[in-house]
Each structure stands twice: as C-alpha cells, then as structure tokens.
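Chemist: for reference, the sequence and a predicted model appear below.
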Amino acid sequence: MNAAPAPLDRFIPQPDVRERFEVVIAAPADLVMQTAVDFDMQSLPLVKAVFRLRERFMRATPAAPRKPQGIVAETRSLGWGLLVERPGRLIAYGATCQPWLADVTFTASGGSIGPFRYVVLYNDTPTSPADPLIGYYDYGTNITITTGNSFTVDFDASNGALTVV
C-alpha cells in the first residue's frame, strides 16, 4: 500500500531521517489552526529563557523588547518563507538552500533575517556525534538582511567551504 505523498515531500523527497507525529484534537479544525497560528511561543517563560541563554552564549546584543505576536507572524518576521498552506488545515514555513553549490544565497521575504554574525557549517548526516561542526564564518559584526535583499555565502569553487592551512 502506497501512502499519499506528504505535503513537504517535494522539498525533501528522500530525507535521511523521516519522523511523523500525529495528535487528534477533539475540536473543529479551523479553531485548532487559528489557535496555533495566534499562539505566542515567547509567552512561555521557558521559551523566553532559552532565547536569553542563547543571546548570552552567542554574546549577542540583547534583543529589543518585542511586541507579542503569533507564531506565524513571528516566523515571517524572521525571514522564513511559506512552503505550503492549506487554509484552516496546514501551514509550513521554512528556509531552503543548497550548500553544495559554490554560492548559497539567502533572500529575505516577508521580514528581515537577523541580526546574525556567524554562518555555521555542520554535517547533518551522522547520528553520533549529532550534527558535528565542520566550521563557521565569523563576519565580525552583526548583519541583518532586510526584506527583498540577499546575503550570499561565497564558497571557493576549487577548495570548497573551508581551506585548512
């Protein structure tokens, strides 16, 4: 028996790992979806703490106070793009890139991306150690890509992502 393709299969047709979870909620689908869209993740103290710890760990400038917003609005404001939407049923945001290309370009749409200072390269294939670090680029200062603008990570076509000297 062949299952119908999942909505995200066209973005990752043959993933290394595939996990799917399903929860049945005894409520109308449109109400569940609207509640999920409007939910402000950062209204949870634990989530706020994780973001603050990340700021400290990365030695980032503390974020300005934010206006409460739903998870979809916040996702868009961070620069993620809409991948799939079935009104009242499904919404998926994501970012796509092809790091094996000589140049990888990220374009902000629907909001800014950043601020960020580092581009991190890691291997997502092995399970142990999980996602080992390959290397990172430090741009020396925070960068923000505003809507409609792009940021390109320029890989050396002959030497790849990193050169060890």
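Modeler: Everything's here; your move.

Chemist: the lengthiest strand in the chain pairs with which strands?
Modeler: If you go by DSSP state E, the chain has its longest strand at strand 133-145. If you go by DSSP bridges, strand 133-145 pairs up with strand 113-122 (antiparallel).

Chemist: how about the partner strand: buried residues?
Modeler: Neighbour counts over strand 113-122 (16 or more other Cβ atoms under 10 Å) mark Ile113, Phe116, Arg117, Val119 as buried. From N, CA and C alone the C-beta is placed, and that goes for glycine too.

Chemist: need the residues you listed in TSV with pLDDT and distance to Gln34, can you?
Modeler: Output for the buried residues of strand 113-122, formatted as TSV (pLDDT from 0 to 100; distance: Cβ to Cβ, whole Å):
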residue	pLDDT	distance to Gln34
Ile113	83	27
Phe116	84	31
Arg117	82	36
Val119	78	36
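
Chemist: now for those residues: which two are most distant?
Modeler: Largest separation among those by Cβ to Cβ: Ile113 and Arg117, giving 12.6 Å.

Chemist: only the buried residues of the longest strand of the chain, if you could.
Modeler: Here strand 133-145 shows Ile145 as buried, counting by 16+ other Cβ under 10 Å.

Chemist: now do the contacts for Pro62.
Modeler: Contacts of Pro62 were listed using Cβ atoms under 8 Å, 6 or more residues apart in numbering, and they are Arg52, Glu55.

Chemist: can you pull out the helices in this structure?
Modeler: For the chain, applying DSSP state H gives helices covering 29-38, 45-57, 71-77.

Chemist: low-confidence ranges in the chain?
Modeler: 1-3, 58, 78-79, 95-104, 124-128, 131, 154-165 (pLDDT under 70).

Chemist: 50 instead?
Modeler: Low-confidence segments of the chain, defined by pLDDT under 50, span residues 1, 99, 165.

Chemist: not counting its neighbours along the chain, what's nearest Pro7?
Modeler: Computed as Cβ to Cβ, 6 or more residues apart in numbering, the closest residue to Pro7 that is not its neighbour in sequence is Val84, at 4.6 Å.
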